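# what follows is a predicted structure for the sequence shown.
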Amino acid sequence: MMRIPRRALGPSVNIPVAFLAVLLVSGLFSVLKYRTKSGSPNLLAASSININRRDGGGEANLPPDFNWTIFITPQGFVGGPEHTQRRAIMSWLRLDPKPRVVLLGAGERYHEVADELGLEVDPRIDLNLVQMPLAGSVLHQAFNANTHVSVLMNSDILLTQSFVDAIAVANKEFSDWFLTGARLDLHELPSKHDPSKPEFSDAAFVSFARDRGRLHTAGGVDYFVWNNQLHAPRSKLIHGSMPPFIRGKSKFDNWFVHEVIQAGYRDTIDGTEAITAVHVDHNYKSAGNDATEVQVSHLKAGSTFWMTGKLKDWQIYHNLNLAVQRGSYRNQDGTSVHTQYKLANCLKGGRHEVCTIQRLRPGICPCEHHVFALETQNDPTVVEVMQRSQRSNIIKCGAISSDTNTYEIPTRTPSGRQPIYGLPFTLRDLLPIATKTNHVILTGVSYNYREVLMNFVCNIRRLGIYDSLIIAAWDEDMYRFGFQMGLPIFYFQTDVDVNHAADLAYGSKAFRKVTKLKSQVVLEILRMGYDVTWTDTDIAWLRNPIPILEAMASDFVVQSNAPSTEAVANGPLRINSGFYRIRSSPIAIAALEAIVVHAASSRLTEQPSFYMVLCGGKEGRLKEGDNACIYRPPPYVGDGEPPFDPDSSLRVEFLDRHQFPNGATGTRANVSKLYWDLKAAKHHPDNLVVLHNNWIKGLGNKVRRLVEQDLWYFDREAEICMYDAAPRVAFTWAEAYKDEQ
């Protein structure tokens, strides 16, 4: 029997020498073969490259015009994250050639740090409801960048020159490639190895990290690297599009690597053994709930904060749902050991070289990297099993998750049970975390309008006010879709029998009932103390209307639905309930309560009820001038003191018809010329704020209008927002919505 030291194999265990030999030979060497420079298999010769610096010559030198870019989505540069992220960035800026570094998003102090260190900031990415970046838009920016090599990197990873060396080898050996790998973990970093210090030495840091570092499990991926053809069509990375994974949460990395491998557009390479990429332990605020920090060193052996966090963090649950539902990924796939090739440090003729080794059976041995690391996160352990009534020992390569959960999105909490993972979202859950002010932008939608909703979401993101949005889903399908897209959405559960989009066909009984839910949701939010701007999803916001709405004196301002042929805004039944702002004042709440009661007894939609209540019946007895109504509440019949003076009234003000036009409004100069018929309404000198896409039938026609006016911002194929000044729409409205005319 042979005793293996703990540093090599975890706790001291007895392992038969013959068994160990079988493990090493069959588990490692039989699954590898060397790749020659010509690309043909050769079991005797490795494809190797002698790495030299640019000033030293050598066949692996990168071209003089070579440029590469690192894209990151860091936390704000405050507190602990500032130190860890600055330290990592400084290590990148020491590399030769120096990379361009782009901060994606709009985090705290991004621009200040970028100006100081010579970085760039690009805010054009999609964020989820708690302002975490979504991977689809992040990948879009990195893939389409004008750079020879793109790198998606976690912002706390320290790099060494070996990273550039690996890029040089990949560039030399392959025409289209994708490189990833596992990192080394350090518990702490001595000051002399801090890359921001003048005495920093790359060679000394590599030696220290290799000696003291612990190899991270191959399942945790911190960098994704690929080349871009600048003067030819680029090879894809994956089939289809990247789902809206939350960047920085689990499963995004494994799903991405797996799909790149399965797509087969590129040669995939594992750089673990050739690259020294280092992570220094720190608190992980984003791993748990927002208020929870998880310290790596405090976890039990064999566990990770991801394994702990996924039991309670809805953001991790979100990613798990997408990983299971999209693509072909299954648990344990998509690690660096699943790639076709790996890079290794070889010794040839007394000099170190980087060899490219081809795997015959990628992924067959999860412990493949363990032989070159002094310590690993998941060292092999011996497990006693029963085989044919006899006890025997097998070597198990660390903790293997047997997770088979389908991670379905819950829409209801069974009676008597607590919500799991904090799901489903409720309105009360969302308000404090998804809104940053006391003013809520609210909309509601059913599944058949999901892409119009996404266009509106993109509209709001472009204006920079997405952090005030709340969305009510009228059916379960819409809630599930919105949750997957990372939206601030909740399922408004009522007694209306709606489970699927088909139940909400235009004009149906359920449709008429659902339209009355809008004011009910607004009322619920008002009672919680928030002001609300309700907006239908078919309204294009050309600029931010909130400052204008908040500056108006009235507690209740509404859009007019009067066409240009009518001289006054407040004619009979001309309140448009698709766009209004209401404050959380007692008399405004009383007015909306009266509207809800009136609509409940009506066989129509809720819109006529607004005018009947606020303006004194269909004839408008309470009209004032041509742009207001004076609402007078009925006598108070409740217990205690009335919430407002019995003689008080509420002036309901109509918005300017040319700044907030409906679909039948013409210009100030020519009222017969509708804004929607202009070539570019958003640039019209009337200085429009919003433009309501109503007075037209059919979803397809609404979409056509938006596309023709360059007001369509949602990329349906990539499932991301478009942030260009003039978005290019890759579909025709007629083809996309031919069944929705």
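Yep, that arrived. Values in this document were obtained by computation on a predicted structure and should not be read as measured data.
# point out where the stretch 501-650 of the chain drops to low pLDDT.
For the stretch 501-650 of the chain, applying pLDDT under 70 flags the ranges 501-512.
# now do the helices in it.
All helices of the stretch 501-650 of the chain, identified by DSSP state H, counting those that start in this stretch, fall at 509-515, 517-527, 546-551, 586-600, 607-614.
# ranking the ones you listed by burial, who's on top?
helix 607-614 (a mean of 23; mean count of other CB atoms under 10 Å). Yep, even glycine has a C-beta here, placed from its N, CA and C like the rest.
# by contact count, what packs against that helix?
strand 556-560, strand 575-582, helix 586-600, strand 628-631 (3 or more CB pairs under 8 Å, 6 or more residues apart in numbering; DSSP states H and E).
# in a markdown table: the helices of the stretch 501-650 of the chain, plus distance to residue 421.
Formatted as a markdown table, these follow (distance: least, CB to CB, whole Å):
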| stretch | distance to residue 421 |
| --- | --- |
| helix 509-515 | 28 |
| helix 517-527 | 24 |
| helix 546-551 | 32 |
| helix 586-600 | 33 |
| helix 607-614 | 38 |
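# among these, which is nearest residue 488?
Across the helices of the stretch 501-650 of the chain, residue 488 has its closest neighbour in helix 517-527 (12.7 Å, CB to CB).
# quick one, the closest one and strand 575-582 angle?
20 degrees (axes from the mean of the first three to the mean of the last three CA atoms, to 10 degrees).
# give me the contacts around helix 517-527.
Contact with helix 517-527 is made by 427, 431, 440, 442, 444, 470, 472, 474, 492, 494, 496, 532, 534, 577, 582, 584, 588-589, 592-593, 595-596, 599, 606, 609, as judged by CB atoms under 8 Å, 6 or more residues apart in numbering.
# quick one: that helix to chain centroid distance?
Relative to its chain's centre, helix 517-527 lies at 28 Å (CA atoms, centre = their mean, to the nearest Å).
# in the stretch 301-450 of the chain, which spans are strands?
341-348, 351-359, 380-387, 390-397, 439-445 (DSSP state E, counting those that start in this stretch).
# by contact count, what packs against the last one?
Okay, so that is strand 439-445. Secondary elements touching strand 439-445 (3+ CB pairs under 8 Å, 6+ apart): helix 450-463, strand 469-473, helix 517-527, strand 531-535, helix 546-551.
# cutoff 7 Å now
In terms of contacts (3 or more CB pairs under 7 Å, 6 or more residues apart in numbering; DSSP states H and E), strand 439-445 is packed against helix 450-463, strand 469-473, helix 517-527, strand 531-535.
# likewise the fourth one?
Judged by 3+ CB pairs under 7 Å, 6+ apart, the packing partners of strand 390-397 are strand 380-387.
# next up, the contacts around the nearest residue to residue 688 once chain neighbours are set aside.
Of all residues not flanking residue 688 in the chain, residue 542 sits nearest, at 5.1 Å (CB to CB, 6 or more residues apart in numbering). By CB atoms under 7 Å, 6 or more residues apart in numbering, the contact set of residue 542 is 682, 688, 689, 690, 691.
# who wins for neighbours among those?
Within the contacts of residue 542, neighbour counts (other CB atoms under 10 Å) peak at residue 691, which reaches 26 neighbours.
# would that residue count as being in a strand?
Yes - counting by DSSP: H, G, I helix; E, B strand; the rest coil, residue 691 falls inside a strand.
# show me the contacts for the closest residue in space to it that isn't next to it in sequence.
In space, and not counting its chain neighbours, residue 691 is closest to residue 540: 4.7 Å by CB to CB, 6+ apart. Contact analysis of residue 540 by CB under 7 Å, 6+ apart lists 459, 690, 691, 693, 706, 711.
# out of those, which two are the most distant from each other?
690 and 706 (13.0 Å).
# can I get the helices and strands packed on helix 607-614 in JSON lines with distance to residue 345?
Listed next are the helices and strands packed on helix 607-614 as JSON lines, based on distance: least, CB to CB, whole Å:
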{"stretch": "strand 556-560", "distance to residue 345": "68"}
{"stretch": "strand 575-582", "distance to residue 345": "64"}
{"stretch": "helix 586-600", "distance to residue 345": "70"}
{"stretch": "strand 628-631", "distance to residue 345": "79"}
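# quick check: which of these is nearest to residue 659?
Nearest of the helices and strands packed on helix 607-614 (CB to CB): strand 556-560, 10.2 Å.
# helices or strands next to that closest one in the packing?
Packed next to strand 556-560, using 3+ CB pairs under 7 Å, 6+ apart, are strand 575-582, strand 650-654.
# out of the strands of the stretch 301-450 of the chain, which one sits most buried?
strand 439-445 (a mean of 23).
# contacts for that one?
Here strand 439-445 has contacts from 453, 456, 460, 465, 468-474, 478, 517-518, 521-522, 525, 530-537, 546, 550, using CB under 7 Å, 6+ apart.
# rerun at 8 Å
Outside strand 439-445, the residues that reach it (CB under 8 Å, 6+ apart) are 431, 452-453, 456, 460, 465, 468-474, 478, 492, 517-518, 521-522, 525, 530-537, 546, 550.
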